Structures are given as C-alpha cells and as structure tokens.
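Engineer: The sequence and its predicted three-dimensional model are supplied below.
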Amino acid sequence: MTYETVIGVEVHAQLRTKSKMFCGCGTTFGLSANSQTCPVCLGLPGSLPVINRMAVEMAVRAGLALNCSIAANNQFARKNYFYPDLPKGYQISQYESPICQHGWIEIVGAEGARRIRIRRAHLEEDAGKNVHETGTGGSRVDLNRAGTPLLEIVTEPDMGSADEVVTYLKGLRDILMYLEVCDGNMEEGSFRCEPNLSLRPTGQKEFGTKVELKNINSFRYVKDAIDYEIKRQTRVLNEGGKIHQETRLWNIERGETAVMRSKEEAHDYRYFPDPDLVPLKLDSAWIEGFRSSLPELPAVRTKRFVSDYGLPEYDATTLTGSKGMADYFESCVQQFNYPKTVSNWVMGELTRELNNSETEIAASPVSPERLVSLLQMVDEGTISLKVARDLFPELYRTGKTPEQIVQEKGLTQVSDEGALGKVIDEVLAKSPAQVAQFKDGKQQVLGFLVGQVMKVSGGKANPGKVNELLKKKLSP
C-alpha cells in the first residue's frame, strides 16, 4: 500500500528579551547553573508573576510578519504537568486565547510557491533543563532557563515531506531573525522544532495517528529524523502493526527515533485561566503601530535583489538568508555599483573566511568599505583579479587596508606598454612553436602565451593589456 505523509510543525522560539517572561531574572545563555533564578521562576509560595511587556511586543511583531490576526483580548492559562524541570508543577502558557492566530508564510518547493498555514502563535514560559550526568546514574536540574519567554508557533498539517519542513523552518527562522525577536540558535535551544508526523493511505481524507519528534537541533537532523520516521511508520503499517500516539526522540548516533513517552492530549494538562494574571488587552492602534514599523522581510528583499540588482535567484536567496549579509551587500553596492561582482565576493571569499574563523558577518574584520577598495583596485587595473583573491585572506587576518598590503608586497599591476612589451618579446622568443601555431589559425594558443607572460611578470602584468599587446605583435 502507498501512503501520504502529513506533517505539522511546532516551533518554540526563545524571544530576545533581557529578562524572563514573568520576573526580572536575566536570560543570558551559558551562565553557572541556577544563577539566574528568583522566587517567581522557582515557583516559591506567595510569589506573583508580572507580564514582560517587551515579550508581548515581540510576539505582536512576529504575528504581524507571519500574517496573523492579533487578538485584542487574550489570556494566560496554567498548563499542569509534573516534571523535575518545572518547579511550579505547571507552565504559564496560553490555550483558548492565543495572542496570534490564522497566519501563513509562503514557501517555494519543487511544485512552486504555496502557503503553509499557521494555526496559532502563543506566549509561554520555558521550563528548566535536566542535566543527565554520564556514568553517575544521576541527574541535576538547572533552572536558569525556567521562565524564559517563548513564542510557540504551530502550523496546520500542510507539509508532506522532510524537504518542505526544512524549507518552512528556514523561512520562519529568517523572518524571526530579521525582526530581531529570536537569535535562531538551534544548538543553544533558542529555536526548537518539533514535527508532528502521520501517514494515511493515499486518497484517504482522515488523518493517521501522529507521532511527535523531539531533540532535533539542526536542519539536517530535521530531515534525517522525518525521513527515518516515514520509513519506520510505513514498515509498521505494511506489516499490519499499529502506530501509537507518542513522542519520540531523535538519536543522532544511531540515526533513528526512539520512544520517549506516550503523547498527551490537551485535556491531560487540565488547562485553566491563571488566577494570578489578569486578561491581557491590546489596543488596536498600538498593534497597528508595530505593523507600520516592520522591516523589509526576507521574501520581499529577495525579490527586490532580483529586480533591482539583476541578481540570479540563487544569489538573492543566499544573500537575504541573513539580514547581516544582505545589509553588508547593499552597503558595498552603494559604493561600488557592480552587484554581481559584489555578490560573488560576499558569497565566495568573504563567506569562506567567516566560516573558517566562525565569525558572524556583523563582526567581519573586512568592512564593506575595505572590500569596495579592493574591488575598485581591480576595476581600475591597479591589481589583477588573481592578486586580489590571493591577498584577501591577509586582508581578513591583519586588518590592514588593501592599499597597504599591495604597497608592502609590491603587487601593483604593470600596465606600462614599454615594460610589458619587453616581457612579451622575451616570451615570444622562447615560444616559437606556439607563435607558429597561432599564425596558422590556432587562436587558443593565445591563452598559453598570456599565461607565460603572467608567469614571467610574477602575476603583476595587466592581463587585458597583455592580450591587447600580444595580438598586435602576432598580427601579420
């Protein structure tokens, strides 16, 4: 039997606030365990929560960017369950009244562009973290993360493959990072995704039993986990087995999913309005103020890069995948109006050095101004393209200007016809066979002769000038 895959995704995006959702404790990642806690996030008796206004603002901005309706009246609820990293015995979340509903984002897949519907996006606090110590048989609880603001974004079951899920997640992550409401760091848990996957016989309308996948911290593992789970469920169904509603963890080392627990239903959490928090009411004018201040989002910017700069779709998509990279590119083009040349260097030499040094583009030691200086030197014939590429790593490492490096190393390109003529005469004298071949009509030999001139000149000869002078000297 053939099956259709049906996938919805839940994403927990940690909001970039300086303090937690309901208290004043900090949210800095990586500090010593339990150093960012207080009676509120520890759930001590008598402590009362206070809503973080900045978290609400970030949720509204995200909801607007995701084409959601923003609820003027919404309420926080208690989600009750017991786990060591949940000190209160409940999580403050939203249930019946989420802050954002009925949105969508567009993805482009193998079948073209289409919308992935967003059912809801709601605010909640994060739980703590259980730290399992290898070899001791024990675990510890770090509550630094407890109470950190999250925006949980839930899609409709609109996706049918791992590739579509990855495309959606990348698009969503880019939007949140452009808005600067989430840093998108999957390894640190700032952007956590949980696909919900089921299979149904092809042509059947009713959904199959869904399985939730957890413990996935990269796009590659999202794809691997979904592909594995599709194969597993297909095998179980074809053997006459039954899929159980459960949560499964992705085991990176074994490349397979494993049962974590049976999947709860909403009623298992016994939701009820939080009695310590009054209903949250948002003014419509306040909401619209955020709509007017939204930045240009990735999809719109990509289209503009294609139309305004004449870039290929691939270049535009790559450059706009990071707000920092897109800003860097545009800063360069404002000073050096050759978009494709700038694109090649930003995606090539600069990105390679950034990756090698694990540096974000915002902290690049090569500023847009210095990259432009280098490109202008090539454009003006001061140095060759090869020399520019060869010196770029030093430009990146040392912080020197292109002019300083070129001067110190004596890399200025030779364009003087007299000096070049002497080198060309020397090469032609040593290459009688190639000269004869050229005169017999083998034009491709010219490339060999240019290469020899460049070699003798130590790469300093202006290749365009060399081509021109060679043709003159070889003409009848």
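Structural biologist: Sure thing, it's come through.
Engineer: for this protein, what are the low-confidence residue spans?
Structural biologist: Where the chain drops to pLDDT under 70, the residues are 264, 266, 413-416, 476.
Engineer: what's the neighbour count on Thr17?
Structural biologist: 19 (other Cβ atoms under 10 Å). In short, each C-beta sits where N, CA and C put it, glycine included.
Engineer: The one 3 residues further on too?
Structural biologist: Taking other Cβ under 10 Å as the criterion, the count of residues near Lys20 is 26.
Engineer: which residues does the nearest residue to it once chain neighbours are set aside contact?
Structural biologist: Leaving aside its sequence neighbours, Lys20 sits nearest to Gly147 (Cβ to Cβ, 6 or more residues apart in numbering; 3.8 Å). If a contact means Cβ atoms under 8 Å, 6 or more residues apart in numbering, then Gly147 has 20-23, 25, 40-41, 125-126 as its contacts.
Engineer: And the strands in the stretch 101-250 of the chain?
Structural biologist: The residue ranges that make up the strands of the stretch 101-250 of the chain, judged by DSSP state E, counting those that start in this stretch, are 112-125, 129-133, 138-142, 149-155, 191-201, 211-214, 246-251.
Engineer: name the helices or strands packed onto the shortest one?
Structural biologist: Strand 211-214 is packed against strand 191-201, helix 219-238, strand 246-251, strand 256-262, with contacts defined by 3 or more Cβ pairs under 8 Å, 6 or more residues apart in numbering; DSSP states H and E.
Engineer: Tell me the buried residues in the third one?
Structural biologist: Under the neighbour-count criterion of 16 or more other Cβ atoms under 10 Å, strand 246-251 has 247-250 buried.
Engineer: try the last one
Structural biologist: Along strand 256-262, the positions that meet the burial threshold by neighbour count (16+ other Cβ under 10 Å) are 256-257.
Engineer: Name the helix or strand for Phe448, please.
Structural biologist: helix 445-456 (DSSP states H and E).
Engineer: looking at this, Met325 is in a helix?
Structural biologist: Yes. The assignment for Met325 is a helix, going by DSSP: H, G, I helix; E, B strand; the rest coil.
Engineer: For the remainder of this discussion, apply numbering that starts at 34.
Structural biologist: Got it, the first residue is 34 from now on, which makes the last one we talked about Met358.
Engineer: Thr280: what's it in contact with?
Structural biologist: Thr280 is in contact with 244-247, 292-296, counting by Cβ under 8 Å, 6+ apart.
Engineer: Dump the residues you listed into a markdown table; add distance to Ala462 as well.
Structural biologist: A markdown table is the format used below for these (distance: Cβ to Cβ, whole Å):
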| residue | distance to Ala462 |
| --- | --- |
| Val244 | 77 |
| Glu245 | 77 |
| Leu246 | 71 |
| Lys247 | 73 |
| Val292 | 79 |
| Met293 | 78 |
| Arg294 | 83 |
| Ser295 | 86 |
| Lys296 | 82 |
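Engineer: so which of those residues would you say is closest to Ala146?
Structural biologist: Nearest to Ala146 out of the contacts of Thr280 is Leu246 (Cβ to Cβ; 26.3 Å).
Engineer: Could you pull up the residues touching that closest one?
Structural biologist: 227-230, 258-259, 262, 280-283, 290.
Engineer: returning to that earlier point: among the helices and strands packed on strand 244-247, which is the most enclosed?
Structural biologist: Among the helices and strands packed on strand 244-247, strand 224-234 has the highest mean neighbour count (mean count of other Cβ atoms under 10 Å), at a mean of 21.
Engineer: May I have the strands that pair with it, each with its orientation?
Structural biologist: strand 36-47 (antiparallel), strand 244-247 (antiparallel) (DSSP bridges).
Engineer: in the helix or strand in which Leu453 is found, what's buried?
Structural biologist: Here Leu453 sits within helix 450-463, counting by DSSP H and E. For helix 450-463, burial by neighbour count (16+ other Cβ under 10 Å) applies to 453, 456-457, 460-461.
Engineer: Put together a markdown table for the residues you listed, with distance to Gly217 on each row.
Structural biologist: Formatted as a markdown table, those follow (distance: Cβ to Cβ, whole Å):
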| residue | distance to Gly217 |
| --- | --- |
| Leu453 | 52 |
| Val456 | 53 |
| Ile457 | 55 |
| Val460 | 54 |
| Leu461 | 59 |
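Engineer: So which of the residues you listed is the closest to Leu313?
Structural biologist: Using Cβ to Cβ, Leu453 comes nearest to Leu313 of the buried residues of helix 450-463, at 74.9 Å.
Engineer: Now for the closest one: which residues touch it?
Structural biologist: For Leu453, the contacting residues are 447, 486, 490, 494-495, 498-499, 502, by Cβ under 8 Å, 6+ apart.
Engineer: at 7 Å instead, please
Structural biologist: Contacts for Leu453 (Cβ atoms under 7 Å, 6 or more residues apart in numbering) come out as 447, 494, 498-499, 502.
Engineer: Counting only strands, which of those residues make the cut?
Structural biologist: Nothing among the contacts of Leu453 maps onto strands, per DSSP state E.
Engineer: Any of those buried? List them.
Structural biologist: Among the contacts of Leu453, those scoring as buried are 447, 494, 498-499, 502 (criterion: 16+ other Cβ under 10 Å).
Engineer: wait, which of those residues is closest to Glu37?
Structural biologist: Of all the buried ones among the contacts of Leu453, the one with the least separation from Glu37 (Cβ to Cβ) is Val499, at 62.3 Å.
Engineer: Does the closest one touch Val486 like I think?
Structural biologist: Yes. Here Val499 lies in contact with Val486, judged by Cβ atoms under 7 Å, at a distance of 4.9 Å.
Engineer: Now for the two: what residues contact both?
Structural biologist: Shared contacts of Val499 and Val486, defined by Cβ under 7 Å, 6+ apart, are found at Ile457.
Engineer: quick one on the thing from earlier: relative to Gly480, which of the strands of the stretch 134-283 of the chain is closest?
Structural biologist: Closest to Gly480 of the strands of the stretch 134-283 of the chain is strand 145-158 (Cβ to Cβ; 42.6 Å).
Engineer: and that closest one, which strands flank it?
Structural biologist: As defined by DSSP bridges, the strand partners of strand 145-158 come to strand 133-142 (antiparallel), strand 182-188 (antiparallel).
Engineer: Deepest-packed of those strands, please.
Structural biologist: Ranked by mean neighbour count under mean count of other Cβ under 10 Å, the strands paired with strand 145-158 are led by strand 182-188, which reaches a mean of 23.
Engineer: if we can go back for a sec, now the helix holding Leu453: how far from the chain's centre is it?
Structural biologist: Centroid displacement of helix 450-463 relative to its chain, using Cα atoms, centre = their mean, to the nearest Å, is 52 Å.
Engineer: Now do that helix and helix 478-489, the angle between them.
Structural biologist: Relative orientation of helix 450-463 and helix 478-489, computed by axes from the mean of the first three to the mean of the last three Cα atoms, to 10 degrees: 110 degrees.
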